[in-house]
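[1] could you look at this predicted model? Sequence included:
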Amino acid sequence: MEHSAQGAAGTGGAVEAVRVPVQPGAADGTARGEHTHGEPSAPHPSRTSAPGPRAVVRRSSVRGQILDALRAALVTGELRPGEVYSAPVLGERFGVSATPVREAMQQLALEGAVEVVPNRGFRVVERGDRELAELAEVRALIEAPVWLRLARTVPAARWAELRPLAEATVRAASSGCPAAYAEADRAFHRAVLVLAGNEQLVRIAGDVHRRAQWPPPGSPSVRGRADLVADAHEHTALLDALIAGDPDVVRVLVGQHFTGTH
């Protein structure tokens, strides 16, 4: 994605995102609650053709794809803290109407990533080091005891089944893409928590985990590859200890893994 400065004063620009395979349609510049007068249209991107003349992509699917792209932009810092983004302009960049973009942004507002700015769009929330430290503490309080309990009850063969997910985090980290790593990281942690058989735990922990992955203002938007790889290798080391059934090593590694904001 490429952050663009185009848009009216105060919109903060648009985000060049992965194209979503939707039927061609102009951005909805007259959408409710967003002032668009005097806001120049973003460059119209070439669109990916649908697989067939009758192919239809459900709106919920489009919204989901856009939500994933916007979440990735938060992780990389391409959606900048303090900036206001207009749904019609973002919709033009995505090649969709403003409606699914607005719906995705409203979901991000529920997650605390953005806030609604009446008649303008959505402002990316500015978050400080203290908030991230608090989220890291909450993650440790929620997840660490579960990992230690599962270490005593889950058989080695079941832990071994998670090896592909742990290795996927290493590959994603090696790519140097923070968005790819964030997704692989959440997938591995979710798979571990699923073993507890508590759907509410998985949902709440996943929400906190996602919030903890957003970069704080003023910090580099992209974490270094070495940092990502180090985080990923903590997953494989933990899995090795869990498979070996070594509770002392597991306790130490779990403590180390949840002291930061991985």
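    Sure, I can see it. Residues are numbered from 1 along each chain as shown.

[2] state the helix or strand in which residue 115 lies.
    Secondary structure from DSSP states H and E places residue 115 in strand 114-117.

[3] gap between stretch 64-76 and the chain center?
    Counting by Cα atoms, centre = their mean, to the nearest Å, stretch 64-76 is centred 6 Å from the centre of its parent chain.

[4] averaged pLDDT, that stretch. What do you get?
    Average pLDDT, stretch 64-76: 89.

[5] next: stretch 111-129.
    For stretch 111-129, mean pLDDT rounds to 89.

[6] now that stretch: buried residues?
    By 16 or more other Cβ atoms under 10 Å, the buried positions in stretch 111-129 come out as 111, 113-114, 117, 120-125, 127. (Glycine included, C-beta is placed from N, CA and C.)

[7] same thing with stretch 124-143?
    124-125, 127, 131-132, 135-136, 138-140, 142-143.

[8] need those residues in CSV with secondary structure and distance to residue 166, can you?
    CSV is the format used below for the buried residues of stretch 124-143 (DSSP: H, G, I helix; E, B strand; the rest coil; distance: Cβ to Cβ, whole Å):
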residue, secondary structure, distance to residue 166
124, strand, 32
125, coil, 32
127, coil, 29
131, helix, 28
132, helix, 24
135, helix, 23
136, helix, 21
138, helix, 23
139, helix, 18
140, helix, 20
142, helix, 20
143, helix, 16
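
[9] out of those, who's nearest residue 209?
    residue 139 (6.3 Å; Cβ to Cβ).

[10] which one is that closest one nearest to, not counting chain neighbours?
    residue 208 (5.4 Å; Cβ to Cβ, 6 or more residues apart in numbering).

[11] rounded mean pLDDT for the helix or strand harbouring the one you found, please.
    Assessed by DSSP H and E, residue 208 sits inside helix 199-212. Mean per-residue pLDDT for helix 199-212: 94.

[12] check which helices and strands it sits against.
    helix 129-153, helix 178-194 (3 or more Cβ pairs under 8 Å, 6 or more residues apart in numbering; DSSP states H and E).

[13] format those as a markdown table; extra columns: distance to residue 226.
    Formatted as a markdown table, those follow (distance: least, Cβ to Cβ, whole Å):
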| stretch | distance to residue 226 |
| --- | --- |
| helix 129-153 | 20 |
| helix 178-194 | 12 |
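
[14] so for residue 236, which of the ones you listed sits nearest?
    So among the helices and strands packed on helix 199-212, helix 178-194 is nearest, using Cβ to Cβ, at 9.8 Å.

[15] against which helices or strands is that closest one packed?
    Packing contacts for helix 178-194, counted by 3+ Cβ pairs under 8 Å, 6+ apart, involve helix 59-76, helix 129-153, helix 163-175, helix 199-212, helix 225-244.

[16] going by distance to residue 69, which of the buried residues of stretch 111-129 wins?
    residue 113 (13.2 Å).

[17] now do that closest one against residue 73, distance only.
    10 Å (Cβ to Cβ, to the nearest Å).

[18] thinking again about what came up before, what's the strand holding residue 115 packed up against?
    Contacts defined by 3+ Cβ pairs under 8 Å, 6+ apart place strand 114-117 against helix 98-110, strand 121-124.
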